[in-house]
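K.L.:
Sequence and predicted structure, then a few things I'm wondering about:
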Amino acid sequence: MESAGKSSARLESLDMLRGIAIFGMVLVNNPGSWEHMFPLLRHAGWSGYTIADLVFPFFLFAVGASQSFSLANTEHTGKLPLNLFIRILRRTAIFFLLGLFLNALPGLLNEIFNGETYTINDIRIMGVLQRIAIVYFASAICIVFLSERLLWMTIALLLLGYWAMLAGFPGSLSPGNNPALFIDRLLLGGSHLYKGGSDPEGIFSSVSALTTALLGYKAGCFLRQEKGLRTASWKLFAAGILGVALGSLWSLWLPVCKDLWTGSYALVSAGWAAAFFALCNAALKWQGLHRLGLPLQIMGRNALFLFIASGIVTRILLSVRLHIDGQTINLWFCLYDRVFASWMGRNNLSSFTLAACYLASWWLVLYMMDRLGWRLKA
């Protein structure tokens, strides 16, 4: 049985990984201006990847890694107690409904502040929290009911089967002509997709996204079961780099595409997540690095709160419109233009500085919550 100290260390490294993910997500999602962003913080587009494209997979990887602890007593047993099933179902519903709320909020705010008509027909069904909900539920079922061998086979079958479905689709795998768009439109309707086109968090591509969480679960199991903290960390780091290499090699035949969550993208992103998870775990061995990791742990312990709260505040600032010098601008851009760009100019640095200050402000809130022992859990 794992010692309490060792288990605590693993959970601290998991908090650090979640902290890295939410750190990146707030920076990427809240620039002063979308026209001015450093290339690495801008999504790559249809193919390829940047730092921005690794943020969400880190979250899903962390979801799976956390399940290696929360489901440790029921994994591979084929038995799911009713109370645990209800807890899993409740968390799934909460994540999904919170995601719907965030999607509906801009339309509701525009109706309140600007008098624009908003109906339920305009709401986007899927999103980040909705995909987390689906993947969390599906991965939990796989972990409980599949043996360790069958779980590995499932990961391989999902990756290869998804590739076969993409390859078998007539036409090109372009933004306007791909199986994910076809199936999501069939199931959800075009008006409920992201900007009416290919949804980067759609239903069909969630099949491949599930492998990211399952690989995170296997990484968590490996760290949980290995005795030596340092040795386990470097083994996992090597496995992560191998995943990046294999995904990069696969991209010669199947492009790395976040919007479709192609198998090559799943391997590359899970590989980077595993490598960073290993580094977070190894950092606990060195006192200096451990102290440097505390700010990330504070963010990771309340990652759900930060995602929701920062999303709500940003949406409010974007919805409140001001009439200045004959122009109508939202409060967020006014803050950027009058406070940051006024003395730094409209450029990548000023846009990034606003995002960094916004993140720092939220970190202070999280620090106070951490001192008070407040945790937002679904």
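P.N.:
Done, it's in.

K.L.:
ok, so what distance separates the residue nearest to the spatial centre of the chain from residue 336?
P.N.:
Nearest to the mean C-alpha position of the chain, by Cα atoms, centre = their mean, lies residue 56 at 2.5 Å. Between residue 56 and residue 336 the distance is 25 Å, computed by Cβ to Cβ, to the nearest Å. No exception for glycine: its C-beta is placed from N, CA and C like everyone else's.

K.L.:
one step back: chain center to the helix or strand that contains the residue nearest to the centre of the chain: distance?
P.N.:
Using DSSP states H and E, residue 56 sits in helix 55-70. How far helix 55-70 lies from its chain's middle: 9 Å, per Cα atoms, centre = their mean, to the nearest Å.

K.L.:
likewise stretch 108-116?
P.N.:
With Cα atoms, centre = their mean as the basis, stretch 108-116 stands 29 Å off its chain's centre.

K.L.:
Make residue 1 into 17 and carry on from there
P.N.:
That works, and once the first residue is 17, the last one we named lands at stretch 124-132.

K.L.:
Can you give the contact residues for that stretch?
P.N.:
Defining contact as Cβ atoms under 8 Å, 6 or more residues apart in numbering, one finds that stretch 124-132 is touched by 123, 133, 134, 331, 332, 335, 336, 337.

K.L.:
Just the closest of those residues to residue 301, please.
P.N.:
residue 331 (41.0 Å; Cβ to Cβ).

K.L.:
Verify the stated contact: that closest one with residue 119.
P.N.:
No: using Cβ atoms under 8 Å, residue 331 makes no contact with residue 119, being 10.0 Å away.

K.L.:
So for these two, which sits in the more crowded spot?
P.N.:
Neighbours per residue, other Cβ atoms under 10 Å: of residue 331 and residue 119, the larger number sits with residue 119, 20 against 17.

K.L.:
tell me the contacts of the more buried one?
P.N.:
The neighbourhood of residue 119, defined by Cβ under 8 Å, 6+ apart, consists of 139, 140, 141, 143.

K.L.:
Kindly reformat those as JSON lines and extend each row with neighbour count.
P.N.:
Below are the contacts of residue 119 laid out as JSON lines (neighbours: other Cβ atoms under 10 Å):
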{"residue": "139", "neighbour count": "17"}
{"residue": "140", "neighbour count": "22"}
{"residue": "141", "neighbour count": "21"}
{"residue": "143", "neighbour count": "21"}
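
K.L.:
what's the most distant pair in the residues you listed?
P.N.:
For these, the maximum inter-member distance is 10.0 Å, found between 139 and 143 (Cβ to Cβ).
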